[in-house]
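In: Sequence first, then the predicted structure:
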Amino acid sequence: MTPVERQGLEGRAAITGIGQSAVGRRLGRDPLALTADACLDAIEDAGLRREDIDGISTYPGGGIPGAPGFSGAGITDVQDMLRLEVNWFCGGPELPGQLGSVINACMAVATGLARHVLCFRTVWESTAQGSGPRAGIGTGGGGRFRAGGFMQWTLPYGAASAAVWIAMMARRHFHEFGTTREQMAQIALNARRNAGLNPKAIYRDPMALDDYLSARMISEPFCLYDCDAPVDGSTAIIVSAVDAAQDCRKKPLRVEAVGSALRGRPSWDQFDDLTTMALRDAAAMLWERTDLAPADVDVAELYDGFSFIAMAWLEALGFCGKGESGPFIEDGRAIALDGSIPLNTNGGQLSAGRLHGYGLLHEAALQLWGEGQQRQVPGNPQVAVAGAGGGPLGGCLLLRRDD
Amino acid sequence: MSEKPFRLLPEVGPDNEHFWCGGAEGELRFLRCSACRTYVHPPSPVCPDCLSRELVPEAVSGRARLHTYTLNHQPWVPGFDPPYLVAIVDIEEQAGLRLTTNLVGCDPADVEIGMPVRVCFEERDEGIFIPLFEPDTPGGSTDDAG
């Protein structure tokens, strides 16, 4: 394929390195140490030195209260730990999904604010939530807890988790399109199959449809296996300006297009079409910014914090029609490693752990560099899409290796 | 009247008092634009359609249809014990005006998306009335569902 000249962000930003710490349940390690492992791993992978890093980007940034282990490190933690001298940095939660932080980095290198941006995401929810009795929601403050903001509309009803909110979106999809649990199961079964080929995955034991159907229910139609697994781990991605990327060790993965749109209400219950979620608009924008089409994509790494979200991404990105994700995945073939659109090739968040979007982008890059080992997608994949987020937020990137 | 479950309560202030306390008069209230008549929820200082600042609480009929639901089995909130039905309902007066709520007085096996429901209120402390929804069956009760 011939590289396309573009005026904007696309064509000027590339992924040049990836890194990841140990990933596991209750590692009991300092999240900043995990972050150091991932960041130094990524810098080395890109063939850079830490002195080359002149930008930092992360999601959701440090100091997120009320969510134990949700943020393992912020911008200043990393800047100080590695004594980085940067010209640009940005960290925060109000972004087009977790990968919005990578899109920000693409803008920084495209506009010349930075040459090589270190992007990272660290979670340690497994250790943070598992270190003692889990505090129930609203049990602090001697019974004087009162729900404000968006939570006032959900907590009084015991709708205290995205599991509940997204279960209702899945139910609506079932109603409108005849989708079934047996179909949705394929997201979890495919993830588990791929996890079996990934030594770093959390859950690697084979899982059959019967195992899925007999699992305990969380919030119908979601059972335990529709929900991702909290873990400890850190992932880092190096985003470089395309001209600077020529100095890097590996073939740059050019950012062919990004999707960062938010065109509906940013709400778990007021969004106009709950069966699509807000990621619909991010996905639509992605295709507005490239001449490539869904048929050109060789690998898809799509957010599966809950199984249904990956189905919504498949539809939104045009791998199947609206409402058709159930039939599209029901025999598992299309999304298998040797299928028409291999999905969540490392086991996704369902089986490889909730690295919160960054694990998916890491895997997309790894596949395009042919480093998938046992789980490598055949046929020398050149184009990959990574999409993260569900509910009111979503963002996506299309990566392309130009040979 | 069965025992009321524990509930986490909302922080009530000037911007949302009409909603959380309207049940004292048996009314489900939303802000409504005096200029273009759009209902606005959650409360906002500006009408999202015409940008008017004239938003006044107004009661709706309390009739709605079930948009979607889940039977929740996971204990999230200590004292609020599963299983229970969480629902999103479409308020009759305006397309896209929705509420997350609990569906009560209904066997989970009988729940159907699209079914007519109507508001009922559960009285809590501090003058708060939690709007819940129950099947809107002809001749059914509209009493407090608590």
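Out: Arrived safely. Numbering: from 1, shown residues only, chains lettered A, B, ... in the order given.

In: Let me know how buried B:D125 is, in neighbour terms.
Out: 6 (other C-beta atoms under 10 Å in any protein chain shown). Quick note: C-beta positions are derived from backbone N, CA and C, even for glycine.

In: which bits of chain B sit near chain A?
Out: B:7-12, B:16, B:41-42, B:67-74, B:76-78, B:80, B:82, B:84, B:86-88, B:96, B:98-102, B:113, B:130 (C-beta under 8 Å from any C-beta of the partner chain).

In: Write out the residues of the stretch 151-300 of chain A neighbouring chain B.
Out: By C-beta under 8 Å from any C-beta, the residues of the stretch 151-300 of chain A that approach chain B are A:152-161, A:163-165, A:167-169, A:171-172, A:175, A:216-222, A:268-270, A:272, A:274.

In: tell me which element the residue sitting nearest the centre point of chain B falls in.
Out: In chain B, the residue lying closest to the centroid (C-alpha atoms, centre = their mean) is B:P131, at 4.0 Å. Per DSSP states H and E: B:P131 is located in strand B:129-135.

In: thinking again about what came up before, for the residue nearest to the centre of chain B, list each beta-bridge partner.
Out: B:F121 (DSSP bridges).

In: Please look at it and B:G23 and confirm they touch.
Out: Yes. Between B:P131 and B:G23 there is a contact at 6.4 Å, judged by C-beta atoms under 8 Å.

In: Tell me how many other residues surround the residue lying closest to B:G23 once chain neighbours are set aside.
Out: Of all residues not flanking B:G23 in the chain, B:F129 sits nearest, at 2.4 Å (C-beta to C-beta, 6 or more residues apart in numbering or on different chains). B:F129 is flanked by 23 other residues according to other C-beta under 10 Å.

In: wait, what's in contact with B:F129?
Out: By C-beta atoms under 8 Å, 6 or more residues apart in numbering or on different chains, B:F129 lies in contact with B:20-24, B:121-123.

In: Out of the residues you listed, which sit inside helices?
Out: Within the contacts of B:F129, residues falling in helices by DSSP state H are B:20-21.

In: Show me which of the contacts of B:F129 are buried.
Out: The neighbour-count criterion (16 or more other C-beta atoms under 10 Å in any protein chain shown) marks B:20-23, B:121-122 among these as buried.

In: Just the strands from the chain, written as ranges.
Out: With no chain named, the answer covers chain A. A:13-20, A:55-58, A:88-91, A:116-124, A:146-147, A:217-219, A:222-223, A:232-241, A:253-259, A:299-302, A:383-388, A:395-401 (DSSP state E).

In: that answer is for a different chain, and I need it for chain B
Out: B:9-10, B:28-33, B:39-40, B:55-60, B:63-72, B:84-91, B:98-102, B:116-123, B:129-135.

In: quick revisit: the residues of the stretch 151-300 of chain A next to chain B in helices, which ones?
Out: Per DSSP H, those map to helices at A:163-165, A:167-169, A:171-172, A:175.

In: Can I have the buried ones of the residues you listed as a PyMOL selection?
Out: Isolation of the buried members of those (16+ other C-beta under 10 Å) is achieved in PyMOL through the command below:
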select buried, chain A and resi 163+164+165+167+168+169+171+172+175
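
In: Name the pair among the ones in helices among the residues of the stretch 151-300 of chain A next to chain B with the greatest separation in space.
Out: A:A163 and A:H175 (18.6 Å; C-beta to C-beta).

In: Do me a favour and average the pLDDT over stretch B:72-80.
Out: Here stretch B:72-80 scores 95 as its mean pLDDT.

In: Actually, stretch B:120-127.
Out: 96.

In: Can I get that stretch as CSV, trimmed to CA atoms?
Out: Taking C-alpha atoms only, stretch B:120-127 is exported to CSV below (Å, rounded to 0.1, in the frame of the first residue of the first chain):
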residue,chain,number,x,y,z
CYS,B,120,-45.4,5.4,42.1
PHE,B,121,-43.5,6.9,45.0
GLU,B,122,-41.6,5.6,47.9
GLU,B,123,-41.3,8.0,50.8
ARG,B,124,-38.0,8.4,52.5
ASP,B,125,-36.6,10.7,55.1
GLU,B,126,-36.1,14.4,54.5
GLY,B,127,-39.1,14.8,52.3
